[in-house]
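S.K.: sequence unknown, structure follows:
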């Protein structure tokens, strides 16, 4: 169904919407300059501690902005020269030590081709059976948002960098015909850069080096993962590519969208990965007008709220389940109804108000088993 949607959108919108935006490649050096200027101020200006803390937040935003821009560049939506993409992508992903070579394989090829399809998607947390085997996976489940463990509160502050190295060291072994050597070299140079920078910074600034490295790295992870964790984890598994049905966008204030490169428009991005995200609002307007019953875009805070209230593993295509507590099962049709509650707050100019659908059963109702869900769907069909 997404192919007709793509075709309809292409017919409805002018061709320049899908053209590269080369000037947006400058976002990497611009955000890098912001990070360097703020870091130099922390080290050399001798300002009060609270100003240094505020500047650490600025560096964190710059790190996030560099990552968003690198993602955009490596999809080919700015410059087409692959070598230039590699250089800008490496610099942009430097705060997270992500190799551009690995990113293209892990994200562009594997994730985009198999989004939310169980073990085929390297970003998917898999099925309940994976965790019930015991061993390390039993402990790993406690790290995930929605597991109910205290340690899961830290998930967003490290997961992007951790998952990057897990892909590099473990999952990349499973990527057929993938040359790992360039990825290892690019990642190793990034690690050496940070070892040298933190060592030199400690010698010059003492403990304040933490404010220009570790703290903004953690906050940058939280910023990036705040989006990534909501993109697919509360959407159904499908055996085919359906971005409108297995992905989710977010509602954020316009200034946040501007600063974060419209990263909130994730359904739109999966429909047209090589399109500049600056054009994503035009795709969103079309989707709201033509596929309102399928498009999901809750407020950011609401998505994060439900992320921590629901388990992460799937048990079948349309159920999230806690592998160690059978009472914690969430039907994704019900969850979608909850997430969709405020989705028509921003309509395209001139578009008539579209009433919200009738609310489904409350999330607090008795959970259905997989068999009950299947029977209900069969009856509806």
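M.R.: Received it, and whenever you're ready, just let me know what you need. Everything numeric here is computed off the predicted structure, so don't read it as measured data.

S.K.: middle-most residue in the protein, spatially?
M.R.: The geometric centre of the chain, computed from its C-alpha atoms, lies nearest to residue 228 (C-alpha atoms, centre = their mean), at 1.7 Å.

S.K.: Just give me the neighbour total for residue 135.
M.R.: By the criterion of other C-beta atoms under 10 Å, residue 135 has 8 neighbours. C-beta coordinates here come from the backbone N, C-alpha and C atoms, glycine included.

S.K.: again, but for residue 76
M.R.: The burial count assigned to residue 76 is 17, neighbours taken as other C-beta under 10 Å.

S.K.: Setting the sequence-adjacent residues aside, check what's closest to it.
M.R.: Leaving aside its chain neighbours, residue 76 sits nearest to residue 274 (4.8 Å; criterion: C-beta to C-beta, 6 or more residues apart in numbering).

S.K.: give me the low-pLDDT residue ranges for the stretch 1-150 of the chain?
M.R.: Regions of the stretch 1-150 of the chain meeting the criterion pLDDT under 70 cover residues 1-3.

S.K.: Show me the strands in it, by range?
M.R.: Listed in chain order, the strands of the stretch 1-150 of the chain (DSSP state E, counting those that start in this stretch) amount to none at all.

S.K.: Make sure the residue nearest to the centre of the chain is indeed in a helix.
M.R.: Yes: judged by DSSP: H, G, I helix; E, B strand; the rest coil, residue 228 forms part of a helix.

S.K.: next one: phi and psi at the residue nearest to residue 76?
M.R.: Listed backbone geometry of residue 274 is phi -90, psi 10, with angles given as degrees, to the nearest 10.

S.K.: Does it touch residue 74 like I think?
M.R.: No: in this structure residue 274 lies outside contact range of residue 74 using C-beta atoms under 8 Å: 10.2 Å.

S.K.: more neighbours, these two?
M.R.: Set residue 274 next to residue 74 and count neighbours by other C-beta under 10 Å: residue 74 wins out with 24 against 14.

S.K.: Please name the nearest non-neighbouring residue to the residue nearest to the centre of the chain.
M.R.: Once flanking residues are discounted, residue 228 sits nearest to residue 160: 7.0 Å by C-beta to C-beta, 6+ apart.

S.K.: helices or strands next to whatever helix or strand the one you found lives in in the packing?
M.R.: Assigning secondary structure by DSSP states H and E places residue 160 in helix 159-169. Packed against helix 159-169, as judged by 3 or more C-beta pairs under 8 Å, 6 or more residues apart in numbering; DSSP states H and E, are the following elements: helix 100-103, helix 180-205, helix 214-231.

S.K.: And the residue nearest to residue 76, how far from residue 290?
M.R.: Look at residue 274 and residue 290: by C-beta to C-beta, to the nearest Å, they are 22 Å apart.

S.K.: roughly how far out does stretch 160-168 sit from the chain middle?
M.R.: The chain centroid and the centroid of stretch 160-168 are separated by 14 Å, computed with C-alpha atoms, centre = their mean, to the nearest Å.

S.K.: What's the biggest strand in the chain, counting residues?
M.R.: Looking across the chain with DSSP state E, the single longest strand is strand 325-331.

S.K.: what lines up beside it in the sheet?
M.R.: Within its sheet, strand 325-331 is paired with strand 319-322 (antiparallel), according to DSSP bridges.

S.K.: Any buried residues in the partner strand, and which?
M.R.: Taking 16 or more other C-beta atoms under 10 Å as the basis for neighbour counts, the residues of strand 319-322 that come out buried are 319, 320, 321, 322.

S.K.: Could you save these as JSON lines and add columns showing pLDDT and distance to residue 133?
M.R.: Written out in JSON lines, the entries for these read as follows (pLDDT from 0 to 100; distance: C-beta to C-beta, whole Å):
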{"residue": "319", "pLDDT": "95", "distance to residue 133": "19"}
{"residue": "320", "pLDDT": "96", "distance to residue 133": "19"}
{"residue": "321", "pLDDT": "96", "distance to residue 133": "15"}
{"residue": "322", "pLDDT": "95", "distance to residue 133": "15"}
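
S.K.: now, among those, which is nearest to residue 168?
M.R.: Nearest to residue 168 among these is residue 320, at 28.3 Å by C-beta to C-beta.

S.K.: Residue 97 - how many residues pack around it?
M.R.: By other C-beta under 10 Å, the residues close to residue 97 number 21.

S.K.: One more: residue 62?
M.R.: 23.
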